[in-house]
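Undergrad: structure for the following, please:
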Amino acid sequence: MDINMLHTFIAVADFNGLRKAAEYLHLTPSAVSSRIRQLEREIGVQLFERGSKGVVLSDAGERLKLRAEEMIEQWNQLKLDVLQEKESLLSIRLGASDVIWRTWLLPKLHPVAENRDVSLMLRTGGREELAHMLIEGILDGVVLPEEIKYPGLYSRKVAELELILVRSVSSFSDTDQYVDIDGGEIFRSRLPDQAASYALPGADINIAWLGLEWLLQMGGRAWLPRSLVQPYLDSGELLAVPKTKAISLPVYATCGKENTQVYRILRETLMV
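TA: Residues are numbered from 1 along each chain as shown. Predicted structure coming up:
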């Protein structure tokens, strides 16, 4: 049996519907529905019924849910045990977006890196990819500009990133090339009114450091974290666009609770 089907089954049960489960699993509703049908075929029984409150568990589904949660916990622990290089070495698997690694997270890991009893596995990627890896137990924790709400996960706001609109020294007007660096839905919802003029960017980039390099080499303007561009502002290689307010972007740390040791370390390191 594919463990992902059990993750999907529990999500649908907890959220009483396919659409909400799909949102938090970062899947399409049709993919969620397909997994549930496949699970029902493998077990040979209907697991959900449609009621007045949405999709609810059948009697058989109720019995499966208890066992499914136990199986997922055992599977996650099995993976952790296999990852151990030796019995005394604790493996921590942590993911974050590129900009959070560069501007906030990496210095926070100094105490963990100095602990010779801890092994670190670090990953970067897009928000959907990392959230999916956390939900499926591939990662122990993620740090992203959004909260992940899912059963068994603990999420807390740990920082704020200040984004400012900067331009290359060759840029002098509002008609200069706009470089659209993906900051997520929260970022887009907080863009100022004049952002309507950004509808057709000269470049669409999903990684902050690449957007920064584009500005330095190709020119243009873009929203970037102040901590990332401050050295270039100080040296005069970039300029802050005047009369533009900064955008505050929240940073959330989310981790699973299955492994109490990893959970404790991540909370002490990232959430204080």
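
Undergrad: not counting sequence-adjacent ones, nearest residue to A21?
TA: A11 (3.9 Å; CB to CB, 6 or more residues apart in numbering). From N, CA and C alone the C-beta is placed, and that goes for glycine too.

Undergrad: wait, doesn't that neighbour sit right on L25?
TA: Yes: counting by CB atoms under 8 Å, A11 does reach L25; the two are 5.4 Å apart.

Undergrad: could you tell me which residues touch both of these two?
TA: Residues touching both A11 and L25 (CB atoms under 8 Å, 6 or more residues apart in numbering) are V32.

Undergrad: mind listing the strands for the stretch 1-150 of the chain?
TA: Here the stretch 1-150 of the chain has its strands, by DSSP state E, counting those that start in this stretch, at 48-51, 54-57, 90-96, 118-124, 141-144.

Undergrad: so for A253, which of these sits nearest?
TA: Proximity to A253 (CB to CB) singles out strand 141-144 among the strands of the stretch 1-150 of the chain, at 5.0 Å.

Undergrad: burial count for S155?
TA: Per other CB atoms under 10 Å, the neighbour tally for S155 reads 18.

Undergrad: report pLDDT for it.
TA: At S155, the pLDDT value in this model is 87.

Undergrad: hmm, it is touching K149, no?
TA: Yes: the criterion here is CB under 8 Å, and S155 meets it with K149 at 6.7 Å.

Undergrad: measure the nearest residue to V99 once chain neighbours are set aside to L165 for me?
TA: Nearest residue to V99 in three dimensions, chain neighbours excluded: A208, at 3.8 Å (CB to CB, 6+ apart). As judged by CB to CB, to the nearest Å, A208 and L165 stand 14 Å apart.

Undergrad: over to V56?
TA: The value you get for V56 to L165, if CB to CB is used, is 48 Å.

Undergrad: where's the residue nearest to V99 relative to D182, distance?
TA: From A208 to D182 the distance is 9 Å (CB to CB).

Undergrad: the more surrounded of these two?
TA: A208 (26 against 16).
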